[in-house]
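In: Here is my input; please provide its structure:
(one chain, ligands or ions: 1)
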Amino acid sequence: MKDFAGKIAVITGGGTGMGRELARQLIAEGCNVAMCDVSAEAMAETKRLCEVERLPQGLRITTHIADVAIEGQLIRFRDELIEQQATDKIHLLFNNAGIGGGGSLFTNSREQWERTFNICWGGVYLGVRTFLPLLMKADEGHIVNTSSVNGFWASVGPGVSHTAYASAKFAVKGFSEALMTDLRLNAPHIKCSVVMPGHIGTSIVSNSRKIQSGSETERLTDIEVRVARERLKGMGTDTAAMSDEDIQKIALDRARSFRDEAPTTAAAAAKIILDGVKADRWRILVGDDAHKLDARVRKTPEEAYTLDFYQSYRDEVGWKLA
Ligand SMILES: NC(=O)c1ccc[n+]([C@@H]2O[C@H](COP(=O)([O-])OP(=O)(O)OC[C@H]3O[C@@H](n4cnc5c(N)ncnc54)[C@H](O)[C@@H]3O)[C@@H](O)[C@H]2O)c1
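Out: Next up is the predicted model:
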């Protein structure tokens, strides 16, 4: 797809981060946008930002509350889109919504584990199922599924359990790669790309916490403080002398530094993704850190989960993720 003007794009998780920046850049290129999110306020802010520059006549931006892990809500989103965008087709589908958390089978609950997995994997799968009939009706279509570097490297360092997110992101990558053949055989006018970002400066750390806990507050619950303490210990920090308030501060600071000290901004990431779609690339790595990790995992796969591998990679790219 060489340009987006006059097309219709669906973005899941358009409320903040990369979803918001995709919406802004698509609107700026004259593409209609229908987004969903679990946060109405966040989507209202995305819409406001998109409308800062006056929208060209007839360009539509619509917002829809939907949890991507729940098929009925996605179907409602699709029905609202058909009505509000006055269309029976879409051209672009960005399955972008995702959260972290629920990393351990031991220290997290099954509910937390499945919440992450069902959003990160189920949201992509159900998004494709739900919107495929509308993509089929367009003259050309493109599905863009967001995985992660955790779709080819199942870790954020050897001291942290990361099973739910990594399994989901591997599933997104495998599904997208297999889908390319299914589309070529059965719907050759639709293309598919898998996006694998490295560390991108967004509020995913605090958003994930809020979605996992069902609470809007930035303060950790007692259980979360305990889990955060364990996580710090796992990363080699001596937490014995730290008060719960110290742990609260470290967690808040981590969420802030994840957003503000990332090597790639959400806006730069969205541009890389859209340029990748225009260049018809199915494999879109986002950020130098993602390219370097891809090369390292391919070069020494047996070493990929050792402390040496992590430390030498982290020192090279300056990652402070874990
Ligand atoms: N930020 C990174 O470093 C990074 C790296 C690799 C991959 N990713 C992936 O990129 C995607 C976008 O993440 P981001 O960093 O922009 O995060 P973000 O938290 O800024 O944005 C994600 C948006 O998705 C929404 N969302 C979460 N669960 C939802 C659900 N069940 N239904 C609908 N909306 C939901 C959130 O409310 C939020 O607005 C995610 O899939 C994430 O896993 C992010």
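
In: residues from the protein in reach of the ligand?
Out: Listed as neighbours of the ligand in the chain under the rule CB under 6 Å from any ligand atom: 12-13, 15-19, 36-39, 42, 67-69, 96-99, 119-120, 146, 148, 197, 199-200, 202-204, 207, 211, 266. C-beta here means a position set from N, CA and C on the backbone, and glycine is covered the same way.

In: and the residues you listed, which are buried?
Out: The neighbour count (16 or more other CB atoms under 10 Å) marks 12-13, 15-19, 36-39, 42, 67-69, 96-99, 119-120, 146, 148, 197, 199-200, 202-204, 207, 211, 266 as buried among those.

In: where do the strands sit along the stretch 201-322 of the chain?
Out: Listed in chain order, the strands found in the stretch 201-322 of the chain under DSSP state E, counting those that start in this stretch are 264-265, 283-286.

In: and these as a markdown table, adding mean pLDDT?
Out: Below are these laid out as a markdown table (pLDDT from 0 to 100):
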| stretch | mean pLDDT |
| --- | --- |
| strand 264-265 | 98 |
| strand 283-286 | 98 |
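
In: and these, which is most packed in?
Out: Most buried of those, by mean neighbour count (mean count of other CB atoms under 10 Å): strand 283-286, with a mean of 21.

In: Quick check: pLDDT value at Asn231.
Out: Quick fix: residue 231 reads Arg, not Asn. Arg231 is assigned a predicted lDDT (pLDDT) of 81.

In: Hmm, it is touching Gly157, no?
Out: No - with contact taken as CB atoms under 8 Å, Arg231 and Gly157 are classed as non-touching, separated by 10.3 Å.

In: Mind checking which of the two has more residues around it?
Out: Between Arg231 and Gly157, counted using other CB atoms under 10 Å, the more crowded position is Arg231 (22 against 19).

In: Going by residue numbers, what spans are helices in the stretch 201-322 of the chain?
Out: With DSSP state H, counting those that start in this stretch applied, the stretch 201-322 of the chain shows helices at 204-213, 222-234, 244-260, 266-278, 288-299, 307-317, listed in chain order.

In: distance between the last one and the chain's centre?
Out: Taking the mean of its C-alpha atoms, helix 307-317 sits 24 Å from the chain's own mean (CA atoms, centre = their mean, to the nearest Å).

In: Which secondary structure state does Met196 sit in?
Out: strand (DSSP: H, G, I helix; E, B strand; the rest coil).

In: Just give me the neighbour total for it.
Out: Met196 is surrounded by 24 other residues when neighbours are defined as other CB under 10 Å.

In: Then Lys278?
Out: If you count neighbours by other CB under 10 Å, Lys278 ends up with 14.

In: Wait, it touches Lys2, no?
Out: Yes - Lys278 sits in contact with Lys2 when judged by CB under 8 Å, with a separation of 5.9 Å.

In: Please report how far the closest residue to the ligand within the stretch 51-200 of the chain lies from Arg259.
Out: Nearest to the ligand, among the residues of the stretch 51-200 of the chain, is Gly98, at 2.3 Å (CB to the nearest ligand atom). To Arg259, Gly98 is 15 Å away according to CB to CB, to the nearest Å.

In: helices and strands of this protein: which one has the lowest mean pLDDT?
Out: The helix or strand of the chain with the poorest confidence is helix 222-234; it has a mean of 86 (mean pLDDT, DSSP states H and E).

In: what angle sits between the longest helix along the chain and helix 204-213?
Out: Selection of the longest helix in the chain by residue count, based on DSSP state H, yields helix 163-186. Inter-element angle recorded for helix 163-186 and helix 204-213: 100 degrees (by axes from the mean of the first three to the mean of the last three CA atoms, to 10 degrees).

In: Quick check: buried residues in helix 163-186?
Out: Those would be 163-173, 175-177, 179-180, 183, for helix 163-186 by 16+ other CB under 10 Å.
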